[in-house]
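**Student:** kindly generate the corresponding structure for this input.
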Amino acid sequence: MATEDTGSLVEVMAEIGKRARAASRQLALASTEAKNAALIAMADALNEAIPTILAENEKDVARAQEQGMTAAFIDRLTLNAVRIVAMSEGLRAIAELPDPVGQTIAAWDRPNGLSIERVRTPLGVIGVIYESRPNVTADAGALCLKAGNAVILRGGSDSKHSSAAIHAALVEGLKAAGLPEDAIQIVPTADRAAVGEMLKGLSGNIDVIVPRGGRSLVGRVQDEARVPVFAHLEGICHIYVDRSADLEMAIQVVVNSKMRRTGICGAAETLLVDRAVAETHLVPVLEALKAAGCAIRATDEVRRLYAEAEPAEDSDFDTEYLDAIISVALVDGVDGAIAHVERHSSHHTEAIVAEDPAAVEAFFAGIDSAILLHNASTQFADGGEFGMGAEIGIATGKMHARGPVGVEQLTSFNYRVRGHGQTRP
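**Tutor:** Presented below is the predicted three-dimensional model:
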């Protein structure tokens, strides 16, 4: 497609929007059996396409390496057979979930004899704009389908070959189940103007935008979107080691939170340790992080106890590293941890390691983040780990969707009122 021709791009995007709206009307009426059959067929198609997907992914990875991208970025971009199989298993898990469409959320009767129900309905057409993670293609397509929505996917140029190959497998699944191929469309250009067209809403044909990427992408979407946005802001995630923490547990949870996969949004970026146990807990935890290959940036107070740490700048505590780097500070108990988190958090995910129930409850009550964990790794901040099959992202706002955005979060509702001839006096 000639992306230089702005008029042509606008026309192409408008046509994508029209086809998505038409497909959404069919999906809203699709049976659970048809949607599940499509998901299973998609999973099978992904497995069959592993050689093709890996070959296309090699092109994206090679380009990223040529451009000098970070190891964490390349890890997010890289696919292997295990990761593709995990994608396909995620689709099967979504097929096993209850169909949210048509579920009665609440029902009640009025004194005048009216019966009222609140019933889940699809949102309609969802635009998903994402960077570097080709697996989002499968996750977003499958979740939107299960919730009865059409989806328009716009992946980043860095993953265009991988995303296109995955999308082809999803289309095969739609065709096998007799559902409209336009239910899952992928924008056929890397031109940034296509994003602008999506943010305008494609003449009313996009109902919701979901951005999945870094601060610059999410900021642009929030600034320019003329349709509602499920914002997935950066993951500046904290883990706090309380004075009551079991030291061995703290070491295991902190190292996993930071180092299991450093490039995901649920990776811990800041470690906070209670001053009351600085002499006993701080150094063993930092030594374990260092042994795992993590660079440590710390306050002067921490460095007096652990001289191998690099000095931390104020900006470090507001940074999503997405790399093997962690910022470290001491705080005065749970109240100090809450104050630090509220100053620096992106309200994504925070964890406490503690044996004192009162400290845990204070932490949970005092912090306004989408996900809070006790004695568990921040890397569990994931829709799949929550039993949702997959997620489109972690919504850090407070309206409609918050936390992992799964099938239920991709629905709205309407009220269905049944009477027998009542009129209002």
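
**Student:** for the longest helix along the chain, list every residue counted as buried.
**Tutor:** When the chain is parsed with DSSP state H, its longest helix is helix 6-29. Using 16 or more other C-beta atoms under 10 Å as the test for burial, helix 6-29 gives 9-10, 12-13, 16-17, 19-21, 23-24, 27-28. The C-beta positions use only the backbone N, C-alpha and C, and glycine is treated the same way.

**Student:** what would these look like in TSV with distance to residue 194 and pLDDT?
**Tutor:** Output for these, formatted as TSV (distance: C-beta to C-beta, whole Å; pLDDT from 0 to 100):
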residue	distance to residue 194	pLDDT
9	6	93
10	9	93
12	8	94
13	6	96
16	9	97
17	11	97
19	15	98
20	14	98
21	17	98
23	19	98
24	20	97
27	23	96
28	26	94
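
**Student:** same list (the residues you listed) but as CSV, adding distance to residue 136.
**Tutor:** As requested, the buried residues of helix 6-29 are exported to CSV (distance: C-beta to C-beta, whole Å):
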residue, distance to residue 136
9, 23
10, 25
12, 22
13, 20
16, 18
17, 20
19, 21
20, 17
21, 22
23, 20
24, 20
27, 20
28, 23
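
**Student:** domain map for the chain?
**Tutor:** For the chain, the structural domains run 6-232+405-418, 237-380, going by automatic domain parsing.

**Student:** wait, which of these is closest to residue 388?
**Tutor:** Of all the domains of the chain, domain 6-232+405-418 sits nearest to residue 388, with 3.4 Å by C-beta to C-beta.

**Student:** what's the mean pLDDT across stretch 321-339?
**Tutor:** Stretch 321-339 shows a mean pLDDT of 97.

**Student:** would you pull up how far that stretch lies from the middle of the chain?
**Tutor:** 23 Å (C-alpha atoms, centre = their mean, to the nearest Å).

**Student:** so where does residue 198 fall, helix or strand?
**Tutor:** helix 192-200 (DSSP states H and E).

**Student:** just checking, what packs against that helix?
**Tutor:** On a contact count with 3 or more C-beta pairs under 8 Å, 6 or more residues apart in numbering; DSSP states H and E, helix 192-200 meets helix 6-29, strand 125-130, strand 150-154, helix 215-224.

**Student:** now do the longest helix of the chain: everything it contacts.
**Tutor:** With contact meaning C-beta atoms under 8 Å, 6 or more residues apart in numbering, helix 6-29 is reached by 1-3, 35, 101, 121-122, 124-125, 145, 148-152, 179-183, 185, 187-189, 191, 193-194, 197-198, 202-203, 205-206.

**Student:** before we move on, the earlier item: quick one: closest of the helices and strands packed on helix 192-200 to residue 404.
**Tutor:** Comparing the helices and strands packed on helix 192-200 by C-beta to C-beta, strand 125-130 comes nearest, at 14.6 Å.

**Student:** what lines up beside the closest one in the sheet?
**Tutor:** For strand 125-130, the paired strands and their directions (DSSP bridges) are strand 150-154 (parallel), strand 208-212 (parallel).

**Student:** and residue 132, which of the ones you listed is closest to it?
**Tutor:** Per C-beta to C-beta, nearest to residue 132 of the strands paired with strand 125-130: strand 208-212, 9.3 Å.

**Student:** export the closest one to CSV, keeping only CA atoms.
**Tutor:** What follows is strand 208-212, C-alpha atoms only, in CSV (Å, rounded to 0.1, in the frame of the first residue of the first chain):
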residue,chain,number,x,y,z
VAL,A,208,-12.6,1.8,22.5
ILE,A,209,-8.9,2.1,22.1
VAL,A,210,-6.4,-0.1,24.1
PRO,A,211,-2.8,1.1,23.9
ARG,A,212,-0.1,-1.4,24.9
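
**Student:** give me the contact list for it.
**Tutor:** By C-beta under 8 Å, 6+ apart, strand 208-212 touches 123-124, 126-131, 133, 136, 140, 198-199, 217-218, 221-222, 225, 227-232, 392-393, 405.

**Student:** just the buried ones out of the residues you listed, please.
**Tutor:** 123-124, 126-131, 133, 136, 140, 198-199, 217-218, 221, 225, 227-232, 392-393, 405.

**Student:** where among the domains of the chain is average confidence lowest?
**Tutor:** What stands lowest among the domains of the chain, in mean pLDDT terms, is domain 6-232+405-418, with a mean of 93.

**Student:** before we move on, back to that, any idea which of the strands paired with strand 125-130 is most buried?
**Tutor:** Mean neighbour count (mean count of other C-beta atoms under 10 Å) peaks for strand 150-154 among these, with a mean of 27.

**Student:** next one: that one to chain centre, how far?
**Tutor:** 15 Å.

**Student:** got the angle between that strand and helix 6-29?
**Tutor:** Inter-element angle recorded for strand 150-154 and helix 6-29: 140 degrees (by axes from the mean of the first three to the mean of the last three C-alpha atoms, to 10 degrees).

**Student:** so where do the helices sit in the stretch 151-300 of the chain?
**Tutor:** 160-177, 192-200, 215-224, 247-259, 283-291, 300-305 (DSSP state H, counting those that start in this stretch).

**Student:** rebuild those helices as a markdown table, extending it with distance to residue 45.
**Tutor:** Converted to a markdown table, the helices of the stretch 151-300 of the chain look like this (distance: least, C-beta to C-beta, whole Å):
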| stretch | distance to residue 45 |
| --- | --- |
| helix 160-177 | 4 |
| helix 192-200 | 26 |
| helix 215-224 | 29 |
| helix 247-259 | 33 |
| helix 283-291 | 41 |
| helix 300-305 | 51 |
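
**Student:** looking at those helices, which is nearest to residue 418?
**Tutor:** Comparing these under C-beta to C-beta, the one sitting nearest is helix 160-177, at 32.7 Å.

**Student:** which other residues reach that closest one?
**Tutor:** So helix 160-177 is contacted by 34-35, 37-46, 48-49, 52-53, 56-57, 59-60, 77, 79, 87, 134-135, 137-138, 141-142, 145, 153, 155, 180-181, 183-184, 186, 190 (C-beta under 8 Å, 6+ apart).

**Student:** please indicate which of those residues are buried?
**Tutor:** Using 16+ other C-beta under 10 Å, the buried members of those are 34-35, 37-46, 49, 53, 56-57, 60, 77, 79, 87, 134-135, 137-138, 141-142, 145, 153, 155, 180, 183-184, 186.

**Student:** next one: the longest helix of the chain to chain centre, how far?
**Tutor:** With C-alpha atoms, centre = their mean, you get 25 Å for helix 6-29.

**Student:** export the strands paired with strand 125-130 to JSON lines and tack on distance to residue 273?
**Tutor:** Putting the strands paired with strand 125-130 into JSON lines (distance: least, C-beta to C-beta, whole Å) gives the following:
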{"stretch": "strand 150-154", "distance to residue 273": "42"}
{"stretch": "strand 208-212", "distance to residue 273": "32"}
